[in-house]
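K.L.:
compute the structure for the input listed below.
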Amino acid sequence: MHSLFDPVIVLAAQVLLALVFIAAGIGKMRDWGQFLGLVQNYRVLPRYAVPAVAYALPPAECAIGAGLLMAQTRTPSALLAAVLVLASVTAFAKEHGRGHVRVPSASSLGDPQLHRDREVV
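P.N.:
Next up, the predicted model:
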C-alpha cells in the first residue's frame, strides 16, 4: 500500500505536533497560578470548574503529546488534540466576540514567550 505522503515528513510532523503539546503543557505547569488567571479571564466556564480545568489541562496536553509519539495511542491522541484545539479556538472566539480577551503583554509579565504568543493571537 502506497502512502500519499513521504513517511519522513509524516514522522517529522507527528514529532513536531507532539512537541508543541508537550511544550504547551510544561509552559503552563511552570506557572499554574498565572494559567489559572488566564482560564478565569476567558469567562466561558462556571467559576467552580475553572480550577479543575486549569490544573487538569497542562498534564492532559503533555499526555496528548506523548500519545502522539506512540503508534498504539496516536489516533486517540490526535482526536483528543483536535477536540482540545477546537475547544480552545471556540473559547477564544467567544471572548473575542464579546471584546473580553485579555492576553497579557510581555511588558506586564516580563516574559518574551508571552509576547510572541500575544502576537500569534
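K.L.:
low-confidence ranges, the chain, go.
P.N.:
By pLDDT under 70, the low-scoring segments of the chain are 1-3, 98-121.
K.L.:
within the helices and strands, which one has the most centrally placed residue in the chain?
P.N.:
When the chain is reduced to its mean C-alpha position, the closest residue under Cα atoms, centre = their mean turns out to be Ala24, at 5.6 Å. Counting by DSSP states H and E, the element that carries Ala24 is helix 7-30.
K.L.:
again, but for Ala81
P.N.:
For Ala81, the host element (DSSP H and E) is helix 74-98.
K.L.:
ok, the closest residue to the residue nearest to the centre of the chain other than its chain neighbours - contacts?
P.N.:
Leaving out its chain neighbours, the residue that sits closest to Ala24 by Cβ to Cβ, 6 or more residues apart in numbering is Glu61, at 5.0 Å. All C-beta atoms are positioned from the backbone trio N, CA, C, and that covers glycine. By Cβ atoms under 8 Å, 6 or more residues apart in numbering, the contact set of Glu61 is Phe21, Ile22, Ala24, Gly25, Lys28, Leu84.
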